[in-house]
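A.B. asks: Give me the fold of what follows.
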Amino acid sequence: MAGQQRQPSPRAGFPVGLRLGSLFGAPIYVAPSWLIFLGWVTIAFAPLVEDNVAGIGSARYAVSLAFGVFLGLSVLAHEIGHCALARVFNVPVQRVVLTWLAGHSAFEREPGTPRRMVLVAVAGPAVNLALAVLAWFGSKELDQGTVGWVLTAALAWTNGIVGLYNLLPGLPLDGGQVLRATVWAVTKNPRAGIVGAAWAGRVLGVATGVLGLYIASRKGGADQSTGLWLILIAVMMVMSSTAVLRQQSVRDRLPDLSARQLARPALSVTADLPVSEAVRRAEEGRARGLIVVDGYGNPTGVVNEAAVAATPLDRRPWVSIGTLSRGVSRADFVPAQLRGEELIKQLQESPASEYVVVEPDGQVLGVLAATDVAAALQR
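C.D. replies: So this is what the prediction gives:
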C-alpha cells in the first residue's frame, strides 16, 4: 500500500533512516522497517519464481530480491506522482518516506481546495496504474518462463493492485482523500469530510482483515503469505483511520484553548529565596506557579513544578528556588490573547514544561504549564 499523505506539525522531525536523495528540495528516506518488508518479499516471492523459471535453483532469491527493490521503486514513483501535483499547486514537500507496506509524502500544508486535494490524491495511484500497463505490455514481449517475464508480470500485477486498492474510499488510502474532498465540497464542511473518510477507512480495514483471514485459512503457502499481508494492511488501516479521528477530536477542542484561561496564578520571587519559603508564600497566596524575577521585577526564569516536587522537604530550606528554575527567553513569553492553533504553534516552536503568560502591556498574568494544555486537549 502506498500514497499516504500527511501534514506534519511545525517541529516534526525527520524519521531515522537512510537518505536516498532529494525530491523537489525535500529529502527521501528509507525507514528501517522497509528493509524488513524487503526481506519478507524476498522470501515470499521466491517460491513463485521457482515455479515459473525452470532450474533456477537458489538464484530464485536474487530474482525475488530484485522484485522487492522494483516494488519499492514503484512505491517511490507513486509518491513522486503526489509530490509533482502538490508542487503544481505550490504546496511545499517536507519529506518522502518509504516504510513497511507503504510510503508517504509529508506536505507543509494541504492543497487548500477539494478539487486540488482530489488531483494530488489520484496522482499516486495513476502512476501505479500506468506502470502496471507498461509492465503488462513488457511481459507480452518476453518469453514465458524467463526471469524477465516473471518480474514484469509480477510488477504489472502488484502495481495494478496497489493502484486500484489505493483508490478505495477510506483514509488513509488516496481514495479516502477523494472521499474526504467530495464530502467537503458537497457539505461545505471540511470536518465532515475528515470524519466520514476516516470511518470509511475503518470499515475498509475490517473488510480487508476478514478477507485476509479467509485467504490465510487456505492451505496454499502463497495464500497464507497473501492473507498475512492483507491482515497487516488491515491493522495499519484501522490504526491510521483511528488516529485521524483522534486528531480531529483534538482539533475540535482547539477553539476553546486559551492562554488566558489556562494560565495559573503565579507568584514572583527572587532567585535566592529558599524553596521552602517560596512554596509557603505560594500556598499562602494560592499561587500555582513561581516566576523568578530580578531586582527590577523583570521575569528571568520560571520554576519547574516537577523539580520542586522532587526536592525532599528537609532539603528545601537549604536549596534556593533559582536552582530549580529555567531561564526564559522571548520565545517563552506567551501572549495572554493567544488561542487555538496559534497557541499550539508557539508552544511547538519552543517546547518547555512551563511558560510565562503576559498581557499586551507586558504585565505578567501567570504561568502556563504544558501539562495543563495537554489535559485541555484530552478532555
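A.B. asks: Which residue ranges make up each domain of the protein?
C.D. replies: The chain breaks down by automatic domain parsing into domains covering 4-167, 186-253, 259-378.
A.B. asks: Quick one: these as JSON lines, columns for distance to L179 too.
C.D. replies: For every residue, glycine as well, the C-beta is placed using N, CA and C. Below are the domains of the chain laid out as JSON lines (distance: least, CB to CB, whole Å):
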{"stretch": "domain 4-167", "distance to L179": "9"}
{"stretch": "domain 186-253", "distance to L179": "5"}
{"stretch": "domain 259-378", "distance to L179": "25"}
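A.B. asks: V210: neighbour count?
C.D. replies: As a burial measure, V210 scores 13 neighbours (other CB atoms under 10 Å).
A.B. asks: other SSEs contacting the helix or strand where it lies?
C.D. replies: For V210, the enclosing helix or strand under DSSP states H and E is helix 190-216. Helix 190-216 makes packing contacts with helix 174-187, helix 221-253 when contacts are defined by 3 or more CB pairs under 8 Å, 6 or more residues apart in numbering; DSSP states H and E.
A.B. asks: returning to what we had before: need the domains of the chain in JSON lines with distance to Q177 and mean pLDDT, can you?
C.D. replies: Output for the domains of the chain, formatted as JSON lines (distance: least, CB to CB, whole Å; pLDDT from 0 to 100):
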{"stretch": "domain 4-167", "distance to Q177": "4", "mean pLDDT": "88"}
{"stretch": "domain 186-253", "distance to Q177": "7", "mean pLDDT": "88"}
{"stretch": "domain 259-378", "distance to Q177": "21", "mean pLDDT": "91"}
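A.B. asks: I'd like to know which of those lies nearest to R180.
C.D. replies: Closest to R180 of the domains of the chain is domain 186-253 (CB to CB; 3.9 Å).
A.B. asks: Any idea how far apart the tips of that closest one sit?
C.D. replies: This stretch, domain 186-253, spans 24 Å end to end (CA to CA, to the nearest Å).
A.B. asks: Please apply the same query to stretch 284-300.
C.D. replies: With CA to CA as the measure, stretch 284-300 spans 23 Å from end to end.
A.B. asks: Just the buried residues of that stretch, please?
C.D. replies: Residues 287-292, 299 are the ones in stretch 284-300 that count as buried (16 or more other CB atoms under 10 Å).
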